[in-house]
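In: Have a look; sequence and predicted model below, questions after that.
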Amino acid sequence: MTSHAVPTHDPARRAARLAWWSLALLPLGFVGAFLVGEGLLSLTGYASEGADPPVWAVTVAAVPALVVFAAPAVLTVHFGRQAMRLGRSDARAPVVVALTVAGGFAVINLLSYLAVLVFGR
């Protein structure tokens, strides 16, 4: 009788790999955020190339766009924290990358909008 080795299921390794793979969704989140933001801005009656839209129109467009962009980062943080809780301290790296990219994207967009408000085009 032959015995076959059954692969062991390591949930910490799986969560760490999912954390890294969820980073691959960030470019899709960027495209989705662009489409959502521009689409909502045009639905409010303002084109991105036209006159400066009011703050309410920018808020209506920016908040859902930021949520769409941050969704992959939320997945990365979820799986990374799960892997860390299960003993994989190396899963901190994708979490740091995701939070840095998502936070940087939000800060750059906010500073860009504020610079246009303060200094004009």
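Out: On my side now, so go ahead.

In: Let me see the residues that make contact with stretch 69-78.
Out: Applying C-beta atoms under 8 Å, 6 or more residues apart in numbering, the contact partners of stretch 69-78 are 18-19, 22-23, 25-26, 28-30, 32-33, 94-95, 97-99, 101-102, 105-106. To be clear about C-beta, it is placed using only N, CA and C from the backbone, and glycine gets the same treatment.

In: Go again with 10 Å.
Out: With C-beta atoms under 10 Å, 6 or more residues apart in numbering as the test, stretch 69-78 has contacts from 15, 18-34, 36-37, 67, 91, 94-103, 105-106, 109.

In: Show me which of those residues are buried.
Out: With burial judged by 16 or more other C-beta atoms under 10 Å, the buried subset of those is 15, 18-20, 22-23, 25-26, 29-30, 32-33, 36-37, 91, 94-95, 97-99, 101-102, 105, 109.

In: Where is the longest helix in this structure?
Out: Counting residues, the longest helix found in the chain (DSSP state H) is helix 55-85.

In: can you give me the mean pLDDT across that one?
Out: The average of the pLDDT scores along helix 55-85 is 95.

In: Only the buried residues of stretch 40-57, if you could.
Out: Quick answer for stretch 40-57 (16+ other C-beta under 10 Å): 40, 41, 46, 53, 57.

In: which residues touch the nearest residue to the second one once chain neighbours are set aside?
Out: Ranked by C-beta to C-beta, 6 or more residues apart in numbering and with sequence neighbours excluded, the top spatial neighbour of residue 41 is residue 61, at 4.0 Å. Residues touching residue 61, when contacts are defined by C-beta under 10 Å, 6+ apart, comprise 36, 37, 38, 39, 40, 41, 42, 43, 44, 46, 48, 53.

In: Pick the one among these closest to residue 116.
Out: Proximity of the contacts of residue 61 to residue 116 (C-beta to C-beta) peaks at residue 53, which lies at 10.5 Å.

In: Touching, the closest one and residue 47? I think so.
Out: Yes: between residue 53 and residue 47 there is a contact under C-beta atoms under 10 Å: 8.7 Å.

In: Mind listing the shared neighbours of the two?
Out: residue 41.
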